[in-house]
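[1] Dropping a prediction and its sequence here:
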Amino acid sequence: MRCRINQVLAWTFLLAISVLSPQLLAVSVANRDLPVEKAVVTSPPMVPPAITRKGNAKVVVEMETIEKVGEMTDGVEYVYWSFGGTVPGSFIRVREGDEIEFHLSNHPSSKMPHNIDLHAVTGPGGGAISSFTAPGHTSVFSFKALNPGLYIYHCATAPVGMHIANGMYGLILIEPKDGMTPVDREYYIVQGDFYTRGAYGEAGLQPFDMEKAIDEDADYVVFNGAVGSMIGDKSLTANVGETVRLYVGNGGPNLVSSFHVIGEIFDNVYMEGGTNINHNVQTTLVPAGGSTIVEFKVEVPGTFIIVDHSIFRAFNKGALGMLKVTGPDDKIIFSGKQFDGIYLPEGSAIQSLDSDYKAVMATSETEQIAFGKRVYEANCQACHQAGGEGIPGAFPPLAQSDYLNADPMRGVSAIVNGLTGPITVNGKTFNGVMPAMRLTDAEIANVITFILNNWGNKGGAISAESVSNITD
Amino acid sequence: MKFNRCRTLLFYLLTSLSSDFLASEEPVMVAIDAGSYRALYLTKDSEETQVDAFFIDQLPVSNEEFYKFVSEHTKWQKSRIPSVFAEENYLGHWVNVINQWQPDINDTDRPVIAVSWFAAKAYCESQNKRLPTVAEWEHVASASETSIRGSHDPDYNQVILAWYGRPTTQRVGRRDQSVPNIWGVKDMHGLIWEWTEDFNSALVSGESRADSNLDKGLFCGAGAAGSADPSNYAAFMRFGFRSSLKADFSLSNLGFRCASNGE
């Protein structure tokens, strides 16, 4: 009996130590007189407010690792592993010289242990070993932000590649002591490549494909974890005359980004997220596991497309976002189209090419479809895709298209006149710009006939004569 | 005749019910031949670990079996266990019925989870068994349905990886729903993580952690540099998982099965 009591006492003592020890640890590293504050963290594409205090602080960062199913693109689900429930993880903003007490909690539903390697940490593993956390547990470690800059953080638990490939990365900004120059808009973008069992767009819950990851054969290259994360309603916004700053990271795991905003020139680029500033840059490289900060003043209204200029990634794998700028036009800076006339290289006397030349005209619906296929491949396929499936959020589908089948002349009109403004196709709203295409009436008739007779559309034929009613 | 068939059916129903609820039978153990196994974190040149012949439970321990154990060994009950031996989540999925913690009626035949290493070890010892070592567990787990080294088969790896890639669902699946591996052992993959006797040896073996590099070996690039088979992601994940554990941890996807030297 006595022995038993002793045992109980011993257990109680051990219990007391085990309960107290985390606090003891935290206390032992707590700094003298620094004010303590809780970090404001944000989900992409938002950035926490600039730091206004002039001195240093002890900043407590709380972050949770969660494994959860999310949408990669319409109809495609993926099990993301995340910091804070988003890909990329929450944006952390502290000041050079701050002391950060980092609390990493791994959600009990996690299958895997996780940790965090912050490239902003000076120390072995960037915090990886100290923050190694089993499901349903919390780890605490502290570090001092010695170097200003924009840094990637990521999970570094074995197998590291898989943890990163599933979305475990984000950005931490260490503001220099003197602060950052104030700007009007700040946004948070991180590119990542994903490897799925099925090809791009293949519906259903897609598992991670290790073989493709090793071969660096990405199915998806996206900004902020999903196709269309910054498109339509979710576009970034700014007003004419404002200065925009983008904090850009690249989680990888494999691909290097050629970061570019179509129709803008970066006034300032903090090269590789460091202190050197370059000016007047069109495209800047963002290494996997690296970052950049770009700044530009938006002078004219319109939609500016954000891409990885390794351009097939943008149009075929999802690396495409939008910045919508509203405000008055400035015709000096950008005029819009001012003139569209006839171009006759040999002078006005020559009205036609070789007089022997005669375009081959389709004589049957079957020929129309065959000719239309060529027109489609040369003019339409880049955006609307080989199977007519379009690109979710950017280019409407032509396959099983309720919009087109309701009135095929809508397709003719779109080709002849272009199409701008919101339309609804198969329940999804698209708000983009299709330019007018310079095609002959016969070519237009053929391509619409081709589309109507493919991909589950209703069939039928359009004649060149009915097209001429619109073109004339 | 008709009556007889009815009675037979009834008999089967009754026996299957009683075995579900009473588990009077001893758990089946499976004989495993001696073999060799090379820990993932060792280099290709290092010697393989010899695994002697042993026996291992065909199935992971169920909630019902564990309930029977804590009924007989009351100091391992959820309400009594000292917190150094199990953290708060110990048997956290059990329900409290009139001050008595017990498994939900739908959980009886599912693997017990949220048990600490101490409790798992005590369970096995109560049956004159022990927890399997990492080498023994990996030796059995690397078998597929048709081969004792299924880990060379890409499909085998992909199935395991797919399970590792899914978050833990609300409820662990039932035992004994999968095809046995070539040894006749079931549910090594796809239901739960399992405790091993020396689960933390990847971190603490070797005289000096700094010299052996083992502690770093499982993080980031260093892991691949030293490992025998960097493409064996499934094994990487198991070692990663094990090295995150402490013996009092009680996780909602971690259970165990027992082993022994003799049947």
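    In hand now; what should we look at?

[2] Please make it C-alpha for all contacts and neighbour counts, starting now.
    Fine.

[3] Next, please give the residue ranges for the strands of the stretch 201-350 of chain A.
    With strands called from DSSP state E, counting those that start in this stretch, the stretch 201-350 of chain A shows them at A:204-205, A:220-223, A:236-239, A:243-252, A:257-261, A:266-270, A:277-281, A:283-286, A:290-297, A:302-308, A:320-326.

[4] Among these, which comes closest to B:Tyr123?
    strand A:204-205 (38.8 Å; CA to CA).

[5] That closest one close to chain B?
    No. Applying CA under 8 Å from any CA of the partner chain, one finds strand A:204-205 separated from chain B by no less than 10.6 Å.

[6] Tell me which other helices or strands that strand touches.
    Applying 3 or more CA pairs under 8 Å, 6 or more residues apart in numbering or on different chains; DSSP states H and E, one finds that strand A:204-205 contacts strand A:76-83.

[7] I'd like to know how far the residue most central in space within chain A sits from A:Gly318.
    Closest residue to the average C-alpha location of chain A: A:Phe223 at 1.3 Å, with CA atoms, centre = their mean. Distance of A:Phe223 to A:Gly318, given as CA to CA, to the nearest Å: 8 Å.

[8] and what of B:Phe199?
    Counting by CA to CA, the gap from B:Phe199 to A:Gly318 is 42 Å.

[9] Comparing those two, which residue is more hemmed in?
    Neighbour count, other CA atoms under 10 Å in any protein chain shown: between B:Phe199 and A:Gly318, A:Gly318 has more, with 29 against 24.

[10] which stretches of the chain have low pLDDT?
    Here I'm looking at chain A. A:1-32, A:341-359, A:472 (pLDDT under 70).

[11] wait, chain B
    Within chain B, the ranges that satisfy pLDDT under 70 run B:1-25, B:38-47, B:151-152, B:154, B:165-170, B:201-232, B:263.

[12] How are the helices of it distributed by residue range?
    Remark: helices assigned in chain B by DSSP state H are B:2-22, B:63-72, B:117-126, B:134-141, B:154-164, B:201-204, B:209-212, B:214-217, B:220-226, B:233-243.

[13] which residue ranges form the helices in chain A?
    Using DSSP H, the helices of chain A run over residues A:2-29, A:160-165, A:210-215, A:312-316, A:365-379, A:381-384, A:402-406, A:409-417, A:441-452, A:464-471.

[14] hey, what's the residue nearest to the centre of chain A bridged with?
    Per DSSP bridges, the residues bridged to A:Phe223 are A:Gln191.

[15] Distance of it relative to chain B?
    22 Å (CA to the nearest CA, to the nearest Å).

[16] same question, A:Phe266
    34 Å.

[17] Dig out what that residue forms beta bridges with.
    On the basis of DSSP bridges, A:Phe266 is bridged to A:Val281.

[18] What residues does it make contact with?
    Applying CA atoms under 8 Å, 6 or more residues apart in numbering or on different chains to A:Phe266 gives the contacts A:279-282, A:294-296.

[19] What's the ChimeraX syntax to select whichever of the residues you listed are buried?
    Buried subset of the contacts of A:Phe266, written as a ChimeraX selection, criterion 16 or more other CA atoms under 10 Å in any protein chain shown:
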select /A:282,294,295,296
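
[20] Nearest to chain B, out of the contacts of A:Phe266: which one, please.
    A:Val294 (29.6 Å; CA to the nearest CA).

[21] how near is the closest one to B:Cys124?
    Taking CA to CA, one finds A:Val294 at 61 Å from B:Cys124.

[22] ok, now A:Pro45?
    Computed as CA to CA, the A:Pro45 to B:Cys124 distance reads 52 Å.

[23] before we move on, what about A:Tyr220?
    For A:Tyr220 relative to B:Cys124 (CA to CA), the value is 48 Å.

[24] what about these two, which has more around it?
    More crowded of A:Tyr220 and B:Cys124, by other CA under 10 Å: A:Tyr220, with 25 against 20.

[25] Surely the more buried one and A:Tyr200 touch.
    Yes. The criterion here is CA atoms under 8 Å, and A:Tyr220 meets it with A:Tyr200 at 6.5 Å.

[26] which residues are common contacts for those two?
    A:Lys317.

[27] related to what we said a few turns ago, okay, the strands of the stretch 201-350 of chain A, which one's buried deepest?
    Highest mean neighbour count among the strands of the stretch 201-350 of chain A (mean count of other CA atoms under 10 Å in any protein chain shown): strand A:220-223, with a mean of 28.

[28] What is that strand packed up against?
    Packing contacts for strand A:220-223, counted by 3+ CA pairs under 8 Å, 6+ apart, involve strand A:185-194, helix A:312-316, strand A:320-326.

[29] any chance of the ones you listed in TSV, with distance to A:Phe141 too?
    Below are the helices and strands packed on strand A:220-223 laid out as TSV (distance: least, CA to CA, whole Å):
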stretch	distance to A:Phe141
strand A:185-194	25
helix A:312-316	38
strand A:320-326	36
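
[30] Contacts only, for the residue nearest to the spatial centre of chain B.
    Central residue of chain B (CA atoms, centre = their mean): B:Glu194, 2.8 Å from the mean position. Counting by CA under 8 Å, 6+ apart, B:Glu194 makes contact with B:254-257.

[31] Name the nearest residue to it, sequence neighbours excluded.
    In this structure, B:Glu194 finds its nearest non-sequential neighbour in B:Phe256, 4.4 Å apart by CA to CA, 6 or more residues apart in numbering or on different chains.

[32] Distance of the one you found relative to B:Met188?
    Applying CA to CA, one obtains 10 Å for the distance of B:Phe256 from B:Met188.
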